[in-house]
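Trainee: structure for the following, please:
(one chain, ligands or ions: 2)
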Amino acid sequence: MPKRTINDLTDEEVRGKRVLVRVDFNVPMDDRGAVTDDTRIRAALPTLDALFARGARVLVLLSHLGRPKGGPDPRYSLAPVGRHLATLTTRPVRFVTSTVGRDAVQATTSAAPGTILLMENTRFLTGEEKNDDALARQMAELGDLYVNDAFGSAHRAHASTEGVAHHLHPAVAGLLMDTELRFLGDALADPRRPFVAILGGAKISGKIDVIDALLPKVDALLVGGAMACTFFQAMGLETGKSLVEPDRVDMAKELVSRAKDKLVLPNDAVVAPSLDAGARAHDVARAAIPAGEAMFDIGPGTCEVFDRRIIAARTVLWNGPMGVFEKPPFDRGTRAIAEAMARATAAGATTIVGGGDSAAAVDALHLASRMTHVSTGGGASLEFLEGKVLPGVAALDDRRN
Ligand code: ADP
Ligand code: MG
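Mentor: Numbers count the residues shown, from 1 in each chain. Ligands and ions are numbered 1, 2, ... in the order given. You can find the predicted model right below:
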C-alpha cells in the first residue's frame, strides 16, 4: 500500500504547524566532534525546505546517533550535528538538550516561526529501542504532525521511527524516504530489462535472503566479494585462506543448482598470501587459487564479463564491494563495477547502489552523482530488497485515493 508523503498533505494540515520530523543524522564524526561525512544531513534538506515552503511554523527534528549504552553519553550528543546543520541552512537552528518532556515541548511551542529545533539523541532514552509506548506518546507531543524521513532507520521498530506514528497524525513519508522507496520499489516491482543485480561483500550469510528474493526477479545475478569463495567451495574448488563460511556451503550448492545460468560467478581472482601483502598480489583462474593464499578481489577477466553484463542492462542494482576495496590493490574490481555502472547510467540505464560499504566506495570514487540512486540506508535497503516490511514505513498513513 503506497504511503502518504508530505506532497499529499493539505495546506490546513501543515500551515502554521509544528512538524515532528524523524531524520537520520547518524553521521560519522572525528574525535573533535566534526562531522566527517554530511551526506545524510544534506539528504534531509529538501524535506525541511519543502515543509517550510508549505507553511510549517517550526520543525522539530529527532534522530539517533551511534550506539550509546543505557543513557546519556556526551560522546554521542547531537549538539555538533546541530552546529553542522546550521552551516547548511539559512534558517535558525537550535539544539535542545532534552529529547522529550516538559522543557522539550516548551521549546517547540515557544520557538520563533521558521526555526529548526534539533532534539538530543533519541537513544539517550532507554525506551527508544524498546519502542516503549509511553515514550512514543511523549514524542508525539513534540509536534502537530509526523514526518518520517529516516529511511536508514526504517527497518527498526523504535519509538521515534514506529511507535510515535501511532499517536500523531498525519504521519507521512518525507521526500528522501519517498525517493528511496520509489527507486528500490520500482526496481523490484517493475524493472526495465535486462535487470542485473550485483552482490558482493564479506559474508554470504547476511545476504542469503537477498539472493533468494532477487533470483526470481533478475535476469542475471553477478556475485563477487568473499561471498564468491563460499560458492567456489560448493563447486569443489580450492579456496586457500579465503574467507569462506563452511556452514553455508550446502546452501550455496543448492543456490547454484537452482539459479542455473542466472548466477554468474567470478572466473578469476586476485589473490595474495595476506591482506598486507598487496605487493605480492597476482591474478589466477578461479580453479587455481593457491592453498596458502586468499582471494581479495575479483580478477580482470571477471571485471570484463561483469562490465559487459552491466552495459547491456537497463536496470542495475548493486550491493556489496567486489573485494577488499579499502586496501589497494584490492579495490580494482569494485572500481570497475562502479565505472561500468556510471557508463550504464549515461547510456540510459537505471542504476541503484544499496549498502553502507558500497555507497562509501562509490562516494570515494566520486561516482555517486553518476548513479541514478545511491541509497542512504545500508541495513534498511537490504531488508527492503529481501522483501521485508519496514516497520517505520508500515506505520505511516496509507495514501487515500
Ligand atoms: P555493504 O555494506 O555494501 O552491504 P558488506 O558490509 O556486505 O557491504 O561488505 C563489505 C565488506 O566486505 C568490506 O569491508 C570488504 O572489505 C569486504 N570484502 C569484500 N570482498 C572481500 C574478500 N574477498 N575477502 C574479505 N573481505 C572482503
Ligand atoms: Mg557493510
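
Trainee: so which bits of the stretch 101-250 of the chain are right by ligand 1?
Mentor: 200-202, 225-226, 243 (Cβ under 6 Å from any ligand atom). From N, CA and C alone the C-beta is placed, and that goes for glycine too.

Trainee: in those, find the pair that's most separated.
Mentor: G200 and L243 (11.9 Å; Cβ to Cβ).

Trainee: of these two, give the one with the bigger neighbour count.
Mentor: Shown here are G200 and L243; by other Cβ atoms under 10 Å, G200 has more neighbours (29 against 17).

Trainee: can you give me phi and psi for that one?
Mentor: Note on G200: its backbone torsions stand at phi -150, psi -150 [degrees, to the nearest 10].

Trainee: three-state assignment of A340?
Mentor: Under the three-state scheme (DSSP: H, G, I helix; E, B strand; the rest coil), A340 adopts helix.

Trainee: does it touch A313 like I think?
Mentor: No - A340 is beyond contact range of A313, at 9.6 Å (criterion: Cβ atoms under 8 Å).

Trainee: between these two, who's got more neighbours?
Mentor: Neighbours were tallied for A340 and for A313 using other Cβ under 10 Å; the higher tally belongs to A313 (28 against 23).

Trainee: tally of neighbours for the residue lying closest to that one once chain neighbours are set aside?
Mentor: The shortest distance from A313 to any non-neighbouring residue, by Cβ to Cβ, 6 or more residues apart in numbering, is to V196 (4.0 Å). Residues contacting V196 under the criterion other Cβ under 10 Å number 28.

Trainee: quick one, what contacts V196?
Mentor: Applying Cβ atoms under 8 Å, 6 or more residues apart in numbering to V196 gives the contacts 218-222, 309-310, 312-313, 315-317.

Trainee: between the residues of the stretch 101-250 of the chain next to ligand 1, which sits nearest ligand 1?
Mentor: For these, the residue nearest ligand 1 by Cβ to the nearest ligand atom is G201; the value is 2.4 Å.

Trainee: do I have it right that that closest one meets D357?
Mentor: Yes - using Cβ under 8 Å, G201 is in contact with D357, at 6.8 Å.

Trainee: neighbour count for these two, which is higher?
Mentor: Counting neighbours by other Cβ under 10 Å for G201 and for D357 shows that G201 has the greater number, 21 against 18.

Trainee: spit out the contact partners of the closest residue to that one other than its chain neighbours.
Mentor: Of all residues not flanking G201 in the chain, G320 sits nearest, at 3.0 Å (Cβ to Cβ, 6+ apart). Each residue near G320 by Cβ under 8 Å, 6+ apart is listed here: 198-201, 207, 224-225, 227, 355, 357-358.

Trainee: run me through the strand neighbours of the helix or strand harbouring I198, direction for each.
Mentor: Here I198 is covered by strand 195-199, with elements defined by DSSP states H and E. In the sheet, strand 195-199 lines up against strand 220-223 (parallel), strand 315-319 (parallel) (DSSP bridges).

Trainee: buried sites along it?
Mentor: Using 16 or more other Cβ atoms under 10 Å as the test for burial, strand 195-199 gives 195-199.

Trainee: of these, which is the nearest to ligand 1?
Mentor: Set against ligand 1, the nearest of these by Cβ to the nearest ligand atom is L199 (8.6 Å).

Trainee: I'd guessed the closest one sits against M227; true?
Mentor: Yes - in this structure L199 lies within contact range of M227 using Cβ under 8 Å: 6.6 Å.

Trainee: shared neighbours of these two, anything?
Mentor: 207, 320.

Trainee: tell me who's in contact with A288.
Mentor: Counted by Cβ under 8 Å, 6+ apart, A288 has contacts E238.

Trainee: find residues that contact each of G201 and D357.
Mentor: Joint contacts of G201 and D357 (Cβ under 8 Å, 6+ apart) are 320-321.

Trainee: partner residues bridging L221?
Mentor: L221 forms beta bridges with A197, L263, as assigned by DSSP bridges.

Trainee: residues from the stretch 301-401 of the chain in reach of ligand 2?
Mentor: Neighbours of ligand 2 within the stretch 301-401 of the chain, by Cβ under 5 Å from the ion: 356-357.

Trainee: again, only using 8 Å
Mentor: 320, 355-358, 378 (Cβ under 8 Å from the ion).

Trainee: from those, which shows the smallest pLDDT?
Mentor: Least confident by pLDDT among those: that is G378, with 83.

Trainee: surely that one meets G355?
Mentor: Yes - contact criterion Cβ under 8 Å: G378 and G355 qualify, at 5.6 Å.

Trainee: for ligand 2, what's its nearest residue on the stretch 201-350 of the chain.
Mentor: Per Cβ to the ion, G201 is where the stretch 201-350 of the chain lies closest to ligand 2, at 6.5 Å.
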